[in-house]
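Q: just the structure for this:
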Amino acid sequence: MIFKILQYIRGYLLIRVTGYSAERFLNACRHRGIRLWNMRPCGNAYEMNISIRGFGKIRPIVRKTGVRVVIAERAGLPFFLYRYRKRKLFFVGAGLFFVLIFTLSKFIWSIDIRGNFTRTDETLLEFLEEKEVVNGMRISEVDCGRIVKDIRKEYDDIIWVSASVEGTKLIIQIKENQDVIKETEKKEEQDKEIQPTDIVADRDCVVTKIITRKGIPQIAEGTEIKTGDILVSGQVPVNNDAGETISYQPQESDADILGQTTISYSDKESIIYEDKKRIVNERKGGEPVEKREYYLRAWGWRICFGEVKNKYEHFEQYSSEKRLKLFDNFYLPVFFGEKRAVPYTIYEKKREKEELQSILSNRFLQYCEDLEKKGVEIIGNDVKIYTGSKEAEAKGTLTVIMPVGTKQPSQPIEITAPADENEQAGE
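A: Numbers count the residues shown, from 1 in each chain. This is a model prediction of the structure:
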């Protein structure tokens with residue numbers, strides 16, 4: 001690779017050697033240290049590459065061996081510069097381009113944050129901006145040690161930070177203490193004020209299983225319940241030595257309750273539906289019509305090439321954008337984007353009976369899978385597909401065993417104090 005670059009900078013020639021003594025010519029060049037490469041036969045001749053300096057040394061060898069040497073091609077930077085020597089603006093532009101690239105290489109154009117889970121990139125970038133660490137700052141002004149100290153000082157749960165500069169990208173890697181995060185969340189939950197709640201039935205069913213962890217169950221397995229019935233009370237009675245209830249202690253009810261019930265299912269699909277068809281250009285052999293727009297965005301400026309505006313009533317628009325880079329870590333403050341407008345027409349299409357059944361069946365299976373993911377056990381299925389003149393419908397009922405109950409604020413229970421015996425006697 002390095003040899004190819006050096007040869008291009010110095011320039012080289014592709015020569016064609018003809019004659020009866022081509023082998024003598026090759027041996028003589030080797031004897032005098034003239035380097036030849038990429039040698040290959042070409043009819044009754046040989047083609048090979050030779051440096052410009054080497055070509056100046058072969059004149060006596062050509063006379064001695066009696067071969068004929070013709071220059072077939074000139075390649076390399078010297079010939080390129082000579083060919084375009086009159087295009088001054090080209091070289092000025094090329095020079096400015098290299099100056100611009102050199103200047104841009106002195107700044108940070110991308111900040112990559114890795115290892116953060118509890119905080120978003122935006123949050124950390126805002127903090128770095130407060131510390132004057134932003135895109136566009138000079139690489140010489142980046143103090144990786146200070147960045148590490150600032151992040152560690154600001155966030156106690158971050159136990160390790162690394163900052164490094166690669167090309168024009170600032171890479172910040174962090175490691176969070178997951179144990180501290182969990183303890184903090186647990187402490188926040190414990191600090192929350194206890195809100196007494198009851199577990200109330202959210203549907204009519206027959207209770208098949210109840211496991212109570214907190215609260216007082218109000219029903220037993222096999223009980224038929226109605227919507228709104230209290231299943232677990234959050235008011236836990238406190239009794240004295242005589243077994244009398246003197247107060248109620250509020251609790252946040254917690255229980256696993258399963259009930260057998262019947263749920264209705266209904267899903268419809270039209271026989272006639274609207275479909276899309278891309279518009280094609282008949283003059284270009286049926287090639288799809290498409291409008292494209294390319295743009296470059298940098299420092300608030302935007303240069304566009306082409307446009308996506310069109311006269312069609314219906315069209316879909318797609319867009320993408322990416323930051324430009326020269327090498328793996330040489331990012332530039334320039335973004336290249338593309339927009340595409342794809343026009344189409346709408347027409348009516350009719351589904352066959354088999355297609356309708358397949359669509360409704362697949363959706364019903366997906367519905368059953370979603371129920372199972374929620375802990376619902378299906379023990380009976382009475383869903384059928386009916387096809388009409390305009391639409392098909394899947395309807396029926398499912399017998400299931402599913403979690404029941406929802407939490408609601410628990411109403412405090414007042415204790416009525418018994419009347420004094422002397423007062424009762426006086427009355």
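
Q: all helices of the stretch 1-150 of the chain, in order?
A: 2-10, 22-31, 52-55, 59-65, 77-83, 88-104, 121-130, 144-154 (DSSP state H, counting those that start in this stretch).

Q: for T227, find the nearest of those.
A: Counting by C-beta to C-beta, T227 lies closest to helix 121-130 out of the helices of the stretch 1-150 of the chain; the figure is 43.8 Å. Bear in mind the C-beta positions are built from the backbone N, C-alpha and C, glycine included.

Q: that closest one: which residues count as buried?
A: Within helix 121-130, the residues scored as buried using 16 or more other C-beta atoms under 10 Å are 124-125, 128.

Q: that one - contacts with which helices or strands?
A: Contact analysis of helix 121-130 by 3 or more C-beta pairs under 8 Å, 6 or more residues apart in numbering; DSSP states H and E lists strand 110-114, helix 144-154 as its packing neighbours.

Q: and these, which is most packed in?
A: Mean neighbour count, computed with mean count of other C-beta atoms under 10 Å, is highest for strand 110-114 among those, reaching a mean of 16.

Q: got the buried residues for stretch 64-71?
A: Within stretch 64-71, the residues that count as buried by 16+ other C-beta under 10 Å are 65, 67, 69.

Q: still on that earlier bit, how about JSON lines for the helices and strands packed on helix 121-130, with mean pLDDT and distance to V133 added?
A: Compiled in JSON lines, the helices and strands packed on helix 121-130 are given as follows (pLDDT from 0 to 100; distance: least, C-beta to C-beta, whole Å):
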{"stretch": "strand 110-114", "mean pLDDT": "90", "distance to V133": "7"}
{"stretch": "helix 144-154", "mean pLDDT": "91", "distance to V133": "6"}
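
Q: mind checking which of those is nearest I263?
A: Minimum separation from I263 across the helices and strands packed on helix 121-130 (C-beta to C-beta) falls at strand 110-114, 46.4 Å.

Q: which ones are touching the nearest residue to K390 once chain neighbours are set aside?
A: Leaving out its chain neighbours, the residue that sits closest to K390 by C-beta to C-beta, 6 or more residues apart in numbering is I271, at 6.0 Å. Counting by C-beta atoms under 8 Å, 6 or more residues apart in numbering, I271 touches 350-351, 356, 389-392.

Q: closest to V383 among those residues?
A: Checking the contacts of I271 against V383 with C-beta to C-beta, the nearest one is A392 at 12.9 Å.

Q: for the helix or strand hosting that closest one, the distance to its chain's centre please.
A: A392 is part of strand 391-403 when elements are defined by DSSP states H and E. Distance, stretch centre to chain centre, for strand 391-403: 36 Å (C-alpha atoms, centre = their mean, to the nearest Å).

Q: just stretch 8-28 next, same as before
A: With C-alpha atoms, centre = their mean, you get 56 Å for stretch 8-28.

Q: within the sheet, what are the partner strands of the lengthiest strand in the chain, with directions?
A: If you go by DSSP state E, the chain has its longest strand at strand 331-350. Strand 331-350 has the following strand partners under DSSP bridges: strand 272-278 (antiparallel), strand 291-298 (antiparallel), strand 315-325 (antiparallel).

Q: out of those, nearest to T120?
A: Among the strands paired with strand 331-350, the nearest to T120 by C-beta to C-beta is strand 315-325 (19.3 Å).

Q: mean confidence for that closest one?
A: Mean per-residue pLDDT for strand 315-325: 90.

Q: next, the angle from that strand to strand 110-114.
A: Angle of strand 315-325 versus strand 110-114, following axes from the mean of the first three to the mean of the last three C-alpha atoms, to 10 degrees, is 90 degrees.

Q: okay, buried residues for strand 315-325 please.
A: Neighbour-count burial for strand 315-325, counted by 16+ other C-beta under 10 Å, picks out 315, 325.

Q: stretch 252-260 too?
A: Judged by neighbour count using 16+ other C-beta under 10 Å, the buried positions of stretch 252-260 are 252-253, 257-260.
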